[in-house]
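> Following is a predicted model, sequence given first.
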Amino acid sequence: MRSATAQFHPSPEMEPAATHQSGPGSGTLAVGRQRTWLSRLSVHRFRNLRQAQLSLLPGPVLLLGENGAGKTNILEAVSLLTPGRGLRRARLGDLEMHAPDNAQPEGAGWAVAGRVEGPLGPHDLGTGRDLHSAARERRVVRVNGETATSQAALGAVLAAVWVTPEMDGLFREGASERRRFLDRLVYAFDPAHAGRLNAYEKALRERSRLLREGRSEPEWLLVLERTMAERAVAIAAARRDLVGRLAGLCAQVEGEFPRAELALAGDAETWLHEEPAVAVEERLQQSLAHSRARDAETGGAAVGAHRSDLLVSHGDHGMAADLCSTGEQKALLLRIVLAHARLMSLERGTTPLLLLDEVVAHLDDQRRSGLFDEILAMGLQVWLTGTDAQAFAPLGDAAQRYRLQNGLVRSDG
């Protein structure tokens, strides 16, 4: 099938005037912006962390320690206070801390809790594996002590975006990881996006199973394809809307990171540019019905939200991101993440958490300083990990430091 691409062009953005706040971890805030941050984090029986409690200020959080000390585990715990499967996409059972003899005390289970401060006032979030559910991969979510019906309740309070070493190949590898990255950006503006994706993927799996087994259930296939078409249009519209708004900020020349040009490749995204949503739903449903025989042989579906892709190119010379050097790819990724935080600040009057795992070690001095400057200028609570404390020296007293060793966490001045 012919690939379709939706291209977005930058539009001018107005910056609010800036004012300054001083003090440890305060950074610089623009008028009208209110940061969202964690003032407390509690982790219980999570991976190699038996028990950890951190009391936090609004500014950058620096986690120092040798490899394997548990730094990334802290970031993963924070990521699970937002919708989705966290920055490692791990199975819930794999998050459990196991005793050496694999004996688990009665009532054992991992848990993560945090107090969120922000424009909506303080909120207490909690999550953990549901030990009372027959489904082993179900986690419970609580907001202010009340059990929530879905993970979208977390997204209504807190947003987080991350960059990890596993994302170094984001622009070189398959489209699935770029879709996940884009959808994480969408969650920050539209928490219900996660529910639409889950419904779409459930219908896609069920349709694939019926076709694979050769079962003749045209009525049920029609229902599944209608569900897929409806959800796919909503998913594509949300992705397209965000990329259109984000493109303007990514294309601006500022700081030490290169301009990035964004585009979306996908049938639904392009069709939405040409036709109303209702017509695109009908077109998708017909395409799915016509491709049943081929989909039964190949698996999956020939069209739909699972085939979209985020295309990125270097704004200065137009080279596709996958052809750029490893350093330029990392810089482009950080430009997108920082532009997203800025867009959220401008449009929602608040900020996401940024979780940057071992990012600083791979930046030269100039870009490292540029990253710290942008973090402080936006007043972000950024969680950074590293082994070398000296690499973070430019942050000075703005950063709150914790040192991890053998699963234990202590304040480091």
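That came through fine.
> in this protein, which ranges drop under the pLDDT threshold?
Within the chain, the ranges that satisfy pLDDT under 70 run 1-33, 99-108, 133-136.
> redo that, cut-off 50
1-4, 6-32, 106 (pLDDT under 50).
> quick check: longest helix of it.
Using DSSP state H to define each element, the chain has its longest helix at helix 218-250.
> Pick out the residue nearest the middle of the protein.
Arg184 (3.3 Å; Cα atoms, centre = their mean).
> so it sits in a strand?
No: assessed with DSSP: H, G, I helix; E, B strand; the rest coil, Arg184 is helix; it does not lie in a strand.
> Nearest spatial neighbour of it, chain-adjacent residues omitted?
Spatial nearest neighbour of Arg184, excluding adjacent residues (Cβ to Cβ, 6 or more residues apart in numbering): Val161 at 5.9 Å. C-betas here are computed from N, CA, C, even on glycine.
> Any buried residues in the longest helix of the chain, and which?
Neighbour counts over helix 218-250 (16 or more other Cβ atoms under 10 Å) mark 221, 224-236, 238-240, 242-250 as buried.
> for stretch 382-398, same thing?
Neighbour counts using 16+ other Cβ under 10 Å place 382-386, 391-392, 394-395, 398 of stretch 382-398 among the buried residues.
> For my notes, please list those in CSV and give distance to Asp94 and secondary structure for each entry.
Formatted as CSV, the buried residues of stretch 382-398 follow (distance: Cβ to Cβ, whole Å; DSSP: H, G, I helix; E, B strand; the rest coil):
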residue, distance to Asp94, secondary structure
Val382, 26, strand
Trp383, 21, strand
Leu384, 25, strand
Thr385, 20, strand
Gly386, 25, strand
Ala391, 30, helix
Phe392, 30, helix
Pro394, 36, helix
Leu395, 33, helix
Ala398, 35, helix
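> Return the closest of these with respect to Arg205.
Ranked by distance to Arg205 (Cβ to Cβ), the buried residues of stretch 382-398 are led by Trp383 at 33.6 Å.
> how many other residues sit next to the residue lying closest to Gln381 once chain neighbours are set aside?
Nearest-residue entry for Gln381: Trp37, 3.9 Å, with adjacent residues in sequence omitted and distances by Cβ to Cβ, 6+ apart. Neighbours of Trp37 under the rule other Cβ atoms under 10 Å: 24.
> Bridged to Trp37, which residues?
Here Trp37 sits in beta bridges with Glu117, going by DSSP bridges.
> Is His317 located within a strand, as I assumed?
No: read with three-state DSSP, His317 is coil and lies in no strand.
> and it, backbone torsions?
His317 has phi and psi values of phi -130, psi 0 when expressed as degrees, to the nearest 10.
> thinking again about what came up before, doesn't Val163 make contact with the residue nearest to the centre of the chain?
No: assessed by Cβ atoms under 8 Å, Arg184 is found out of contact with Val163, at 10.7 Å.
> rewinding a little: Three-state assignment for the residue nearest to Arg184, please.
The three-state label given to Val161 by three-state DSSP is strand.
> That one pairs with what?
Leu354.
> And it, how far from Ala296?
Distance from Val161 to Ala296, counting by Cβ to Cβ, to the nearest Å: 38 Å.
> Compare those two (neighbour count), which wins?
Using other Cβ under 10 Å, the more surrounded residue of Val161 and Ala296 is Val161, with 23 against 15.
> What segments of the stretch 201-350 of the chain are helices?
With helices called from DSSP state H, counting those that start in this stretch, the stretch 201-350 of the chain shows them at 218-250, 267-274, 277-290, 292-298, 326-348.
> mind checking which of those helices is nearest Ala192?
Set against Ala192 and scored by Cβ to Cβ, the helices of the stretch 201-350 of the chain come closest in helix 218-250, at 8.8 Å.
> Packing partners of that closest one?
helix 175-187, helix 193-213, strand 260-265, helix 267-274, helix 277-290, helix 326-348 (3 or more Cβ pairs under 8 Å, 6 or more residues apart in numbering; DSSP states H and E).
> Nearest to Leu363, out of the ones you listed?
Leu363 lies closest, by Cβ to Cβ, to one member of the helices and strands packed on helix 218-250: helix 326-348, at 7.2 Å.
> Tell me what angle the closest one forms with strand 260-265.
Counting by axes from the mean of the first three to the mean of the last three Cα atoms, to 10 degrees, helix 326-348 lies at 80 degrees to strand 260-265.
> Next, the buried residues of helix 326-348.
Those would be 328-346, 348, for helix 326-348 by 16+ other Cβ under 10 Å.
> Identify each buried residue in stretch 114-132, please.
114-118, 123, 125-130.
> Repeat that for stretch 38-47.
38-39, 41-47.
> what's next to that stretch, contact-wise?
49-57, 70, 73-74, 76-78, 81, 95-97, 108-117, 122, 128, 353, 381 (Cβ atoms under 8 Å, 6 or more residues apart in numbering).
> Likewise for stretch 398-407?
So stretch 398-407 is in contact with 24-27, 48-50, 54, 56-57, 59-66, 69-71, 74, 376, 384, 389, 392, 409-413, going by Cβ under 8 Å, 6+ apart.
> list the buried ones in that stretch?
Neighbour-count burial for stretch 398-407 flags 398-404, 407 (criterion: 16+ other Cβ under 10 Å).
> Please save the CA atoms from it in PDB.
These are the backbone C-alpha positions of stretch 398-407, laid out as PDB (Å, rounded to 0.1, in the frame of the first residue of the first chain):
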ATOM      1  CA  ALA A 398      19.900  24.100  41.800                       C
ATOM      2  CA  ALA A 399      20.000  20.300  41.900                       C
ATOM      3  CA  GLN A 400      19.000  18.100  44.800                       C
ATOM      4  CA  ARG A 401      21.300  15.100  44.900                       C
ATOM      5  CA  TYR A 402      20.700  11.500  46.000                       C
ATOM      6  CA  ARG A 403      23.200   8.700  46.000                       C
ATOM      7  CA  LEU A 404      22.200   5.000  45.400                       C
ATOM      8  CA  GLN A 405      24.200   2.000  46.500                       C
ATOM      9  CA  ASN A 406      23.000  -1.600  46.600                       C
ATOM     10  CA  GLY A 407      19.300  -0.500  46.400                       C
END
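> Regarding Leu404, what is its secondary structure?
Look at Leu404: counting by three-state DSSP, its state is strand.
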